[in-house]
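Peer 1: need a structure here:
(one chain, ligands or ions: 1)
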Amino acid sequence: MKIIAFVGMPASGKSEAAKIASEMGIPVVNMGDVIRKEVLRRGLEPNDSNTGMVATQLRKCEGMDAVAIRCISQIYETGSDLIVVDGVRGIAEVECFRREFGEGFILISIYAPIEVRFSRIKKRGRSDDMDSIEGLRRRDERELGWGMGEAIEASNVEIENNFTLETFRKDVIEVLSNYLGKSPQNKS
Ligand SMILES: Nc1ncnc2c1ncn2[C@@H]1O[C@H](COP(=O)(O)OP(=O)(O)OP(=O)(O)O)[C@@H](O)[C@H]1O
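Peer 2: Modelled structure (predicted):
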């Protein structure tokens, strides 16, 4: 079993990478969805402050790997030999997945500078997006406080997303194909 996870700062391109994986036929488990689901279950609006608050609470009550632990059952439920996990936020989550899947866990970091990420956010218009570069900087700091920097450092591969979407798509397909090729086929 191979688990490929994407890690990176907000709006670095993790969802795009996951979308490309999905188009390649690889099932995707989204860690952000786990938090958004919990926000909705609590009857809250899924905005930036509520997702941040719920994510912080989950980690405080259940540990820094609370979201990763909730993802593991979803990963097994896919019944697939190769799965993509979108949204690893911290080193505790990386350690959790490495404990569970050992060498089968592959971490890919996606990098784009803050100015590039902010200009993409302005175009994206998601309900939990911030509307100033200071807001993005605060969010970056919140993510870094959860051990995101260490998670990025622990990655096996880095993909730069500082160019066009077509270039990024080509790079993601190249890296994923590499692991698809190495993935044991028809494993029972
Ligand atoms: N190379 C690119 N060129 C142009 N737009 C891009 C590129 N990569 C990503 N985008 C766009 O930038 C926005 C942010 O990317 P995406 O949502 O994939 O980031 P993310 O890392 O998943 O963000 P978050 O951590 O906030 O969930 C999206 O609207 C996406 O379509």
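
Peer 1: which elements pack onto the longest helix along the chain?
Peer 2: As assigned by DSSP state H, the longest helix anywhere in the chain is helix 165-182. When contacts are defined as 3 or more CB pairs under 8 Å, 6 or more residues apart in numbering; DSSP states H and E, helix 165-182 packs onto strand 2-7, helix 14-23, strand 157-160. In this view, the C-beta of every residue, glycine as well, is placed from N, C-alpha and C.

Peer 1: which residues touch it?
Peer 2: Outside helix 165-182, the residues that touch it by CB atoms under 8 Å, 6 or more residues apart in numbering are 2, 4, 13, 16-17, 20-21, 24, 26, 82, 106, 108, 157, 159-161.

Peer 1: ok, and does it reach over to the ligand?
Peer 2: Yes. Using CB under 6 Å from any ligand atom, helix 165-182 reaches the ligand at 165, 168.

Peer 1: list the buried residues for that helix?
Peer 2: Using 16 or more other CB atoms under 10 Å as the test for burial, helix 165-182 gives 168, 171, 172, 173, 175, 176, 179, 180.

Peer 1: quick one, strands of this protein?
Peer 2: 2-7, 28-30, 82-88, 105-111, 157-160 (DSSP state E).

Peer 1: buried ones in the last one?
Peer 2: Judged by neighbour count using 16+ other CB under 10 Å, the buried positions of strand 157-160 are residue 159.

Peer 1: quick check, central residue of this protein?
Peer 2: In the chain, the centroid-proximal residue (CA atoms, centre = their mean) is residue 87; its distance is 1.7 Å.

Peer 1: with adjacent residues omitted, what lies nearest to that one?
Peer 2: residue 31 (3.4 Å; CB to CB, 6 or more residues apart in numbering).

Peer 1: and that neighbour, what does it touch?
Peer 2: 67, 68, 71, 85, 86, 87, 88, 89, 93.

Peer 1: now with 10 Å, please.
Peer 2: Contact partners of residue 31, counting by CB atoms under 10 Å, 6 or more residues apart in numbering, are 5-6, 14, 55, 67-68, 70-71, 74, 85-89, 93.

Peer 1: identify, from those residues, the entry nearest to the ligand.
Peer 2: residue 14 (3.4 Å; CB to the nearest ligand atom).
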